[in-house]
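[1] After the sequence you'll find the predicted model.
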Amino acid sequence: MATGKKFHSLKGQLLLDGGQLVGSFFHHTVVLICQHDPEGAFGLVINRVSENKVGEVLVADLPEPLRESLVYVGGPVQSGALSYLHAGGLLPDANVMDGLKIGHSVDELVELSENMVEPAKIRVFAGYAGWSPGQLDDEMKRAAWISHPASLDLIFHADPQNLWSFVLKKKGWQYRLLADSPPDLSWN
């Protein structure tokens, strides 16, 4: 980089709406950053569940539990683009963080699901969140996002709709007021 400053990647971090994204797609979201380098960033919103089942959007031979699981809304970019997160056992090709892989191939998802013992460790996403070079860094400087280390427990949280407030409360008392804020501030 020309500035001489060392690049700080947020890959493997969760980004939470810091309270400045009211009225935007990202209001009260938790985004897992899957890739972040000087060329930009790519992430998936992990706390927005759609009403569509995987079996309704993918015509593939998938096991019943995966076909019946809900598709997550990964972000506002290319809503027809499908991705999946997979965790389990030793993953030598983990590409997001230890024990977690992102994939985009339906064929790989079918093969993976045939060999999975625990289908709950696969989440399918439609769309994604993307940032151009420097855009995410600028948003972080403006405190639009609050970062938090990702963990498999948080990524595959049993109650994704409440994940945003759950993580904020874990961060400490200084985030409690934000965590308890209503989705629509006019309710206050």
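    Cool, got the structure. Just so you know, these numbers come straight off a predicted model, no measurement behind them.
[2] And N52, its phi and psi?
    Phi and psi for N52, reported as degrees, to the nearest 10, are phi -90, psi 140.
[3] again, but for A129
    Torsion angles at A129 (phi, psi; degrees, to the nearest 10) stand at phi -110, psi 130.
[4] avg pLDDT for the helix or strand hosting K101?
    Using DSSP states H and E, the element containing K101 is strand 100-103. Strand 100-103 comes out with an average pLDDT of 93.
[5] Return the distance of that strand from the chain's centre.
    Relative to its parent chain, strand 100-103 has a centroid offset of 11 Å by C-alpha atoms, centre = their mean, to the nearest Å.
[6] same check, this time on stretch 86-105
    How far stretch 86-105 lies from its chain's middle: 14 Å, per C-alpha atoms, centre = their mean.
[7] And the helices in the protein, which stretches?
    54-57, 64-68, 106-115, 135-141, 152-155, 163-171, 176-179 (DSSP state H).
[8] Of all those, which one is nearest H28?
    Closest approach to H28 among those is made by helix 163-171 (4.8 Å; C-beta to C-beta). To be clear about C-beta, it is placed using only N, CA and C from the backbone, and glycine gets the same treatment.
[9] packing partners for that closest one?
    strand 13-17, strand 30-37, strand 145-149, helix 176-179 (3 or more C-beta pairs under 8 Å, 6 or more residues apart in numbering; DSSP states H and E).
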